[in-house]
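> sequence? don't have it. structure:
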């Protein structure tokens, strides 16, 4: 009897150890990897109207040009779609939206009809939100709800310029801005010490001369009952940093306050090449300080140990340029001036001109070679690019494949996933790119629903596997076209196999040595399961795409 009990105890102990070992293996959690993020970019005013009571403010009642006025989208609308799980179903893990700071109160006509600052790039007061977009309470709720779903929030930061001058929006003092000449883009100085367009005052970010708060801003804060609070906060910032009270440093302070107050995870920086590059290094330093401060003050809300992330909009930068942007008379490495990532304006051309293998291998080689440790943001359409990859929305299925399966961060511009039209009759200039999100099409049109389902499947696969965007690409087979992506970070390992342009029905997909013999796998696109045998898996599906993951 004692012998039986002893053997039973041994078996129980062995089983416990095995179970403990099994549990230990499962504790290696999938990390969030910025370099492989699935990012969603939306225009705050054009996405979803969650609060119709804030649609008109500051007597903005003049008739604007087509798609050049406020249309009602706001932070509450983004919250509504978060609550509905819209972003979860798309596999989104970062949301970037256009600036939400208070805009100029009036509108201007730049030759395309009267325009209001619905887009968010015409700042009047960086310290508060424009009521058309919502309140700071709304922003806090949005960030908290996004974080609860594992979604990071990226704001859009403008340091380069103020909003235009109008009859009721005075120009900032001379020590703050220049009102000419306009940029000629022939040199570094001709791109930075100038105004982007007529009547868009350029902030003197290169200035080392200290300036006072503009009288109109001081008066505004007094009327709002927060002058002393704002001035004390500025005193504390400049005392802590030792920075001079220059125009650029004031704006750095105001933008980083949103990080320390709300736990913002990243900034997309606007018109970076038009601003003295040194300001961005200081901006990143203060963003990191503010992010660390927020984490210290909110230990229960910290998602992970990732640092603050910054993306640079350097217009016309392309991945082929590596780390440098060439002004003609000067080359600047923005990665060394505070940026983790740069928007890749080249992607749309690469997507149109290269086959899948040339596209994927080029980006993998660049990102794991010359750009190792950094990344690029790829897009097929955007709010200010008049030459998108698929202007007529005739390639929505291919667009998802090329964008979401290319190494680097993928940027889905609102409506890419639903075929929202980029050709709107009666619009002038970039207004055609900025129509309201086509929610009605999702509800009523079967073809829109099919396109969305396609984007959702590939997007979820990308989110679930850091290897897709951040891993090393390797071709397994030319015909059929099959490739692998592999990624490792610490103890975490991730590997996937993808097949494109395959036959429908039963198909044999080679997996090389990515998955061992007998491994159980699943096609994330069709949901069909299989077992690896002889270096292959067999999937019977009606799709010509397979997204193979280990179960």
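Yes, it's here. Computed from a predicted model, the values in this text were never measured in an experiment. Numbers count the residues shown, from 1 in each chain.

> going forward, measure contacts between C-alpha atoms and count neighbours the same way
Will do.

> Grab the nearest non-local neighbour of residue 528.
Leaving out its chain neighbours, the residue that sits closest to residue 528 by CA to CA, 6 or more residues apart in numbering is residue 522, at 5.8 Å.

> what residue ranges in this structure score low on pLDDT?
1-27 (pLDDT under 70).

> repeat that for 50
Within the chain, the segments meeting pLDDT under 50 span 1-14, 17-18, 20-25.

> show me what contacts the residue nearest to residue 528?
528-530, 547-551 (CA atoms under 8 Å, 6 or more residues apart in numbering).

> The helix or strand hosting it pairs with which strands?
Using DSSP states H and E, residue 522 falls within strand 520-523. Here strand 520-523 is paired, per DSSP bridges, with strand 529-531 (antiparallel), strand 546-550 (antiparallel).

> how about these, which one is nearest residue 333?
Nearest to residue 333 among the strands paired with strand 520-523 is strand 546-550; the distance by CA to CA comes to 36.5 Å.

> Contacts for the closest one, please.
Contacts for strand 546-550 (CA under 8 Å, 6+ apart): 461, 495-500, 515, 519-526.

> Distance from that strand to the middle of the chain?
Strand 546-550 has its C-alpha centroid displaced from the chain centroid by 26 Å (CA atoms, centre = their mean, to the nearest Å).

> thinking again about what came up before, which of the contacts of strand 546-550 has the most neighbours?
The residue in the contacts of strand 546-550 with the most neighbours, by other CA atoms under 10 Å, is residue 497 (27 neighbours).

> what packs against the host helix or strand of it?
Secondary-structure assignment from DSSP H and E places residue 497 in strand 492-500. Applying 3 or more CA pairs under 8 Å, 6 or more residues apart in numbering; DSSP states H and E, we find strand 492-500 packed against helix 466-470, strand 481-489, strand 546-550.

> Figure out how far the strand holding residue 522 is from the centre of its chain.
30 Å.

> Who does the host helix or strand of residue 311 pair with, and is each partner parallel or antiparallel?
Residue 311 belongs to strand 309-312 when elements are defined using DSSP H and E. With DSSP bridges as the test, strand 309-312 is paired with strand 266-269 (parallel), strand 341-343 (parallel).

> Of all the ones you listed, which one is nearest residue 224?
Here strand 266-269 is closest among the strands paired with strand 309-312 (CA to CA), at 27.6 Å.

> who touches the closest one?
By CA under 8 Å, 6+ apart, strand 266-269 touches 96, 152-159, 308-313.

> what's the farthest-apart pair in these?
152 and 159 (22.2 Å).

> Among those two, which residue is more densely surrounded?
Remark: of residue 152 and residue 159, residue 159 carries more neighbours, 28 against 24, as counted by other CA under 10 Å.

> Now do the SS call for residue 40.
Three-state call for residue 40 (DSSP: H, G, I helix; E, B strand; the rest coil): strand.

> Correct me if wrong: it contacts residue 417.
No - assessed by CA atoms under 8 Å, residue 40 is found out of contact with residue 417, at 10.1 Å.

> quick one, strands of the stretch 101-250 of the chain?
101-103, 108-109, 114-115, 123-129, 152-157, 177-178, 202-203 (DSSP state E, counting those that start in this stretch).

> if we can go back for a sec, of the helices and strands packed on strand 492-500, which stretch is the most buried?
When those are scored by mean count of other CA atoms under 10 Å, the highest mean neighbour count falls to helix 466-470 (a mean of 28).

> where's the residue lying closest to residue 155 once chain neighbours are set aside relative to residue 310, distance?
Of all residues not flanking residue 155 in the chain, residue 267 sits nearest, at 4.9 Å (CA to CA, 6+ apart). Separation of residue 267 from residue 310 (CA to CA, to the nearest Å): 5 Å.

> Between those two, point out the one with more neighbours.
The neighbour comparison of residue 267 against residue 310 (other CA under 10 Å) goes to residue 267, with 26 against 23.

> and residue 445, how many residues sit next to it?
10.

> same question, residue 272
So residue 272, with other CA under 10 Å, has 23 neighbours.

> Verify the contact between it and residue 311 for me.
No - Residue 272 lies out of contact with residue 311 (CA under 8 Å); the separation is 9.7 Å.

> what's the burial count for residue 224?
Using other CA under 10 Å, residue 224 has 9 neighbouring residues.

> again but with residue 166, I slipped
Neighbours around residue 166, by other CA under 10 Å: 14.

> cool, the one 3 residues further on as well?
The number of residues packed around residue 169, counting by other CA under 10 Å, is 16.

> Any figure for the gap between the closest residue to it other than its chain neighbours and residue 243?
Counting by CA to CA, 6+ apart, residue 169 lies nearest to residue 104, which is 6.2 Å off, once chain neighbours are set aside. The spacing between residue 104 and residue 243, counted by CA to CA, is 28 Å.

> Give the residue from the two that has the larger number of neighbours.
Between residue 104 and residue 243, counted using other CA under 10 Å, the more crowded position is residue 104 (26 against 14).

> and that one, what does it touch?
So residue 104 contacts 116-117, 122-124, 163-164, 169 (CA under 8 Å, 6+ apart).

> Just put those in a markdown table and tack on distance to residue 134.
Below are the contacts of residue 104 laid out as a markdown table (distance: CA to CA, whole Å):
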| residue | distance to residue 134 |
| --- | --- |
| 116 | 17 |
| 117 | 14 |
| 122 | 16 |
| 123 | 15 |
| 124 | 16 |
| 163 | 19 |
| 164 | 22 |
| 169 | 21 |
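
> Tell me the one of these nearest residue 77?
residue 117 (18.4 Å).

> Name the nearest residue to that closest one, sequence neighbours excluded.
Nearest residue to residue 117 in three dimensions, chain neighbours excluded: residue 103, at 5.8 Å (CA to CA, 6+ apart).

> Can you give me the distance of the one you found to residue 296?
Per CA to CA, residue 103 is found 32 Å from residue 296.

> So for these two, which residue has more residues nearby?
Between residue 103 and residue 296, counting by other CA under 10 Å, residue 103 is the more crowded of the two (28 against 13).

> From residue 131, how far out is that one?
In terms of CA to CA, residue 103 sits 9 Å off from residue 131.
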